[in-house]
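> below are the sequence and a predicted model for it; my questions follow.
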Amino acid sequence: MNLLLVATDLAHFVPRSETAEAVSSLERALRLLGHDLTLVLPRLAGFESAGLMVARRLTPLSLPGNVEAHVYEASLPSGARLVLLDSSGVDWNLLGDASVPAETLAPVWGRFSDAVAALVAERGESETALDVIHLHDASAGFVLHKLRQRGVEIPVVLTVHDAARSGEFSVESASALGLDTNSSGAADFRVGSGVSVLQGILPLADGVLVPSASYATALESASRFGALSTAFHGNPAVGVLGGVDHAVFNPSTDTALPHRYDAEDTSNKARCKTKLQEELGLRFDVAFPLFFFDDAEPGSGALELVVSNLVSIVRLGAGIVIASSRPP
């Protein structure tokens with residue numbers, strides 16, 4: 001299949017969130033399965049500072065408002081094609097910064113979405129038409145609205161790694177996004193006195209994925225996600241566990257482990273666990289489970305799941321270690 005993945009960060013170059021790791025692992029897995037793959041991201045400073053060599057295409061993309069976006073291309077070690085988009089007058093590096101005011105962020109989201117939509121429309125006129133587009137989080141997901149505006153009907157899958165990054169903007173900022181709040185198609189975006197990008201694009205997606213089945217259930221809880229939960233009720237998400245990327249985490253080659261092991265012989269796994277317990281001063285049976293959270297953040301779905309079941313876990317005799325550099 002000919003696939004297009006759209007995100008706003010990528011591990012090893014711009015690892016700003018868990019989305020970056022997921023996209024990087026997915027890219028390699030899809031290539032191993034034999035799919036033709038193109039990744040599209042904003043041209044962030046981290047790419048070239050990491051030593052990535054890119055080539056600028058001569059012909060820019062024409063965007064609404066009489067502006068242009070320039071296209072830079074590179075190849076990743078997996079064989080996937082990487083396309084970086086750039087456009088004067090906006091700072092792409094703001095895309096992953098939660099501290100940036102919505103009024104400042106809105107034109108950046110809007111310009112990136114316009115550029116990706118223009119690239120997809122151009123690709124549709126070539127011999128390498130796309131089979132599926134995969135968008136990651138609301139920051140890339142707004143592309144879906146721009147595609148439907150252009151009449152592009154390629155199947156689109158949306159993965160929501162973190163629903164807290166839903167892209168909420170005031171009605172005044174919505175125009176900078178390129179969203180006409182008076183149009184009939186904008187009704188799904190309205191929430192309270194503003195708009196929510198994630199809420200609006202959910203009904204447009206052909207499929208919605210989240211990191212786990214438990215997170216899919218949590219997204220339908222009004223007590224946790226408010227009005228956004230209603231959108232997930234109407235467009236149920238499918239939980240897909242990310243697993244472990246052996247290109248990054250491999251117990252048979254990891255030099256940080258005191259004892260290495262693999263799937264054929266896991267006996268050394270228990271020795272690693274015993275060593276960890278000794279270093280941490282833990283005194284429970286090594287046969288019981290140990291939950292370990294490294295660099296845990298408040299609001300983490302996995303951490304909240306453990307905390308909500310803490311009493312039951314402790315009664316089973318399991319151990320829990322939460323490591324964090326952040327103050328409690």
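Right, received. Where do you want to start? Numbers count the residues shown, from 1 in each chain.
> who's sitting farthest from the centroid in the chain?
Here the chain reaches farthest from its C-alpha mean at Arg283, the gap being 38.3 Å by C-alpha atoms, centre = their mean.
> which SS state does that residue fall under?
Assigned by DSSP: H, G, I helix; E, B strand; the rest coil, the conformation of Arg283 is coil.
> let me see the contact set for it.
Shown in contact with Arg283 (C-beta atoms under 8 Å, 6 or more residues apart in numbering): Gln277. Just so you know, the C-beta spots here come from the backbone N, C-alpha and C atoms, and that holds for glycine as well.
> please repeat the previous calculation with a cut-off of 6 Å.
Going by C-beta atoms under 6 Å, 6 or more residues apart in numbering, Arg283 touches no other residue.
> any idea how far Phe293 is from it?
20 Å (C-beta to C-beta, to the nearest Å).
> and the host helix or strand of Ile322, average pLDDT?
Using DSSP states H and E, Ile322 maps to strand 319-323. Strand 319-323 comes out with an average pLDDT of 77.
> using CSV, write down the CA coordinates of it.
Extracted in CSV, the C-alpha atoms of strand 319-323 (Å, rounded to 0.1, in the frame of the first residue of the first chain):
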residue,chain,number,x,y,z
GLY,A,319,5.6,-3.9,44.1
ILE,A,320,5.3,-0.4,42.6
VAL,A,321,8.2,2.0,41.9
ILE,A,322,7.5,5.5,40.5
ALA,A,323,10.6,7.4,39.5
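> give the buried residues for it.
Buried positions in strand 319-323, judged by neighbour count with 16 or more other C-beta atoms under 10 Å: Gly319.
> and stretch 85-92, by the same measure?
Those would be Leu85, Asp86, Ser87, Val90, Trp92, for stretch 85-92 by 16+ other C-beta under 10 Å.
> which residues sit against it?
Around stretch 85-92, the neighbours that count as contacts under C-beta under 6 Å, 6+ apart are Pro42, Arg43, Leu44, Ala69, His70, Val108, Arg111, Ala115.
> could you do stretch 174-188 as well?
Under the criterion C-beta under 6 Å, 6+ apart, residues Ala106, Pro107, Trp109, Gly110, Val171, Val195, Gly200, Pro203 lie in contact with stretch 174-188.
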